[in-house]
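>>> Predicted model follows, preceded by the sequence.
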Amino acid sequence: MSGPLVVLVGPMGVGKSTVGQLLAERLGVGYRDTDEDIVAEQGRSIAEIFVDEGEEAFRAMEKQAVRRALGAHPGVLALGGGSVLDADTRALLAGQRVLYLSMDVEEAVKRTGLNAARPLLAVNPRKQWRELMEARRHLYEGVATAVVATDGRTAEEVAQVALDAL
Ligand code: S3P
């Protein structure tokens, strides 16, 4: 299979970075994160990109970042939570091994709270989480080859379940 060994998708705050790094360590492979790629390339935070240029511009950057990362053969690749909104990105994921790290709305509110660094949750996090999950759950499920529920699990536990699912 070309591309990464495994791609992680799921909502922001679900633990893609932490679990992804644990998985990479255990598998003895590299770790890459498209959010980090965008920040490095742009020299500014994701929040700043949203404020300066808006979500649409960010999504265009994200689409390119995902395409590049998928072609670069990182071992474990974590995608930003909104990357599955793009139909071309979803099509690119079709031949990949994709783990969807899931959590329910209450877990999401508890984990992320009011977080200004995450521009999509700046106001009324519970309502926004509900809407985000409703809009995206089927997209995550659609690209996933396996789903790992994270509710009530530590990152180590999630990584172990993910390893077993590979
Ligand atoms: C977003 C998720 C974030 C980041 C941006 C938008 C989203 O990534 O790309 O804030 O739309 O869900 P993480 O899932 O890595 O936090």
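Noted; the coordinates are in hand.
>>> hang on, Arg44 in a strand?
No. Applying DSSP: H, G, I helix; E, B strand; the rest coil, one finds Arg44 to be coil, outside a strand.
>>> Nearest residue to it in space, please, no chain neighbours.
Excluding the flanking residues, the one nearest Arg44 by C-beta to C-beta, 6 or more residues apart in numbering is Asp52, at 7.4 Å. (Each C-beta comes from the backbone N, C-alpha and C, glycine too.)
>>> Run the contact check for the helix or strand the one you found falls within versus the ligand.
Using DSSP states H and E, Asp52 sits within helix 46-71. Yes. Interface with the ligand: helix 46-71 contributes Ile46 (C-beta under 6 Å from any ligand atom).
>>> what is the mean pLDDT for that helix?
Confidence for helix 46-71, expressed as mean pLDDT, is 95.
>>> List the buried residues for it?
Using 16 or more other C-beta atoms under 10 Å as the test for burial, helix 46-71 gives Ile46, Ile49, Phe50, Phe58, Met61, Glu62, Lys63, Ala65, Val66, Ala69, Leu70.
>>> same deal with stretch 21-39?
Buried-residue list, stretch 21-39, by 16+ other C-beta under 10 Å: 21-24, 27, 31-39.
>>> Select from those residues every entry located in helices.
Gln21, Leu22, Leu23, Ala24, Leu27, Thr34, Asp35, Glu36, Asp37, Ile38, Val39 (DSSP state H).
>>> what's the helix holding Asp52 packed up against?
Where contact means 3 or more C-beta pairs under 8 Å, 6 or more residues apart in numbering; DSSP states H and E, helix 46-71 is packed against helix 34-42, helix 87-92.
>>> Show me the shaky parts of this protein.
Residue ranges of the chain with pLDDT under 70: 1-2, 113-122.
>>> ok, for Val105, nearest residue in space, not its chain neighbours?
Trp129 (4.9 Å).
>>> ditto for Met12
With C-beta to C-beta, 6+ apart, the residue lying closest to Met12 is Gly81, at 4.0 Å.
>>> Contact partners for Lys63?
Lys63 makes contact with Ser83, Asp86, Asp88, Thr89, according to C-beta atoms under 8 Å, 6 or more residues apart in numbering.
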